[in-house]
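Enquirer: sequence plus predicted model, see below.
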Amino acid sequence: MEITVDKVIDALRYVDDPDLKKDLVTLNMVKDVTVNGKNISFTVVLTTPACPMKDMIHNACMNAILHYVDKTANVKINMTANVTSKKEKDETTLRDVKNIIAVASGKGGVGKSTVAANLALGLARQGAKVGIVDADIYGPSQHIMFGVENDAPGPGEFNGVKKMKPVESYGVKINSIGFMAGPNQAVALRGPMASKALAQLFYDTAWGELDYLIVDLPPGTGDIQISLCTQVKLTGAIVVCTPQKVAISDARKGIALFQLDGIKVPVLGLVENMSWFTPEELPNNKYFIFGKDGVKNLAEELQIPLLAQIPLVQSIREASDEGKPSVMDKNSAQSLAFVELAQNVAQQIAIKNAELVVA
């Protein structure tokens, strides 16, 4: 029986996206179907390059063709990711940035910057093009965590205009006010000047093509957070918190900021950091120093996804101080936790972007 393009497309209607619960054809994820005798090729356009279900979708497509079309067919599937959020035409340096994700916290000391750094590298490990903006104007730390504290942005260009070229470490593009201020120099900026400095980090940097730009925000709900939400088109926000009651109280305020009428930034999920303490010599022991499941319970109450529970492990701190975030240690339990975080963030963005495409 002759193989046709229509038969291939009909077979792929039996393949659902595991997250979106709809078939690939309805989601407009199948492109460029060609048939030449028994040779079949097509492209599956994923909603995010770091899709954790990529292999599952690939295998499901292969099985559908062999089962519903021809079991002797030669099938070539190109898995790619070009679908982005719907947004207005952008001719700024953020033009080729597909998704911008704010990492926030209601209070300081909850490990927000550590989570942001490991999230960026976790997404990069999944094959995505990633950048990070250290928007913590008064307490920048990403230049230290990525081991580039002695570097500085170089000369760059965008549309014929001179811009900064971001520093690159472990494949991640970075810009931070930490590159401009000395180690003993206070960043003494009032609100309007701090907001201007924030804008320069975004719009005076030649970012190039990025799948994800992670924004490490300062703690709280002040000028920088409001400026970011009004100056930059965010895909969504992640709120980091420890399980203790005081931290959760502040996290509620951080979540509420993104839900204000004038802001309306989707909260992609919560991250519970320092969920339990595990000594290196007792890897199976858990000590709930800051309380148990506080953020998990908050996520259930507010019906916001819990993206990860990250343990309090000494090596996470050591890795950050050494300029090599924990997610780089591919065999450790903490690395797996950060990889899971990256996959869950990619999944939430995929769902959001797919809803926009279908709409």
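Expert: Here it is on my side, so go on. Numbering: from 1, shown residues only.

Enquirer: for stretch 278-288, the averaged confidence score.
Expert: For stretch 278-288, mean pLDDT rounds to 86.

Enquirer: make 256 the starting number, not 1.
Expert: Fine by me, first position is 256 from now on; the one you just mentioned is stretch 533-543.

Enquirer: so which bits of that stretch are buried?
Expert: Buried residues in stretch 533-543, counting neighbours by 16 or more other C-beta atoms under 10 Å, are found at T533. All C-beta spots, glycine's among them, are computed from the backbone N, C-alpha and C.

Enquirer: over to stretch 351-360?
Expert: V352, K353, N354, I355, I356, A357, V358, A359, S360.

Enquirer: mind listing what F532 touches?
Expert: K541, Y542, F543, I544, P566, L567, V568 (C-beta atoms under 8 Å, 6 or more residues apart in numbering).

Enquirer: which strand residues bridge it?
Expert: Y542, L567 (DSSP bridges).

Enquirer: what number of residues lie near K420?
Expert: 18 (other C-beta atoms under 10 Å).

Enquirer: which residues are in contact with it?
Expert: P408, G409, P410, G411, T460, A461.

Enquirer: compute the distance between it and M311, please.
Expert: Distance, K420 to M311, by C-beta to C-beta, to the nearest Å: 38 Å.

Enquirer: go on, A592?
Expert: From A592 over to M311 (counting by C-beta to C-beta), the distance is 21 Å.

Enquirer: could you check which of those two has the larger neighbour count?
Expert: Ranked by neighbour count (other C-beta under 10 Å), A592 and M311 place A592 first, with 22 against 13.

Enquirer: strands of the stretch 456-605 of the chain, residue ranges please.
Expert: 465-471, 491-496, 522-532, 561-567 (DSSP state E, counting those that start in this stretch).

Enquirer: just these: most buried one?
Expert: strand 491-496 (a mean of 27; mean count of other C-beta atoms under 10 Å).

Enquirer: what is the longest helix along the chain packed up against?
Expert: Secondary structure of the chain per DSSP state H: the longest helix is helix 588-613. Under the contact criterion of 3 or more C-beta pairs under 8 Å, 6 or more residues apart in numbering; DSSP states H and E, helix 588-613 touches strand 352-360, helix 367-380, strand 491-496, strand 522-532, strand 561-567.

Enquirer: figure out the helix or strand that V388 lives in.
Expert: For V388, the host element (DSSP states H and E) is strand 385-389.

Enquirer: strand partners (parallel or antiparallel) of that strand?
Expert: Per DSSP bridges, strand 385-389 is paired in its sheet with strand 427-431 (parallel), strand 465-471 (parallel).

Enquirer: residues contacting H322?
Expert: Going by C-beta under 8 Å, 6+ apart, the list of residues near H322 reads A266.
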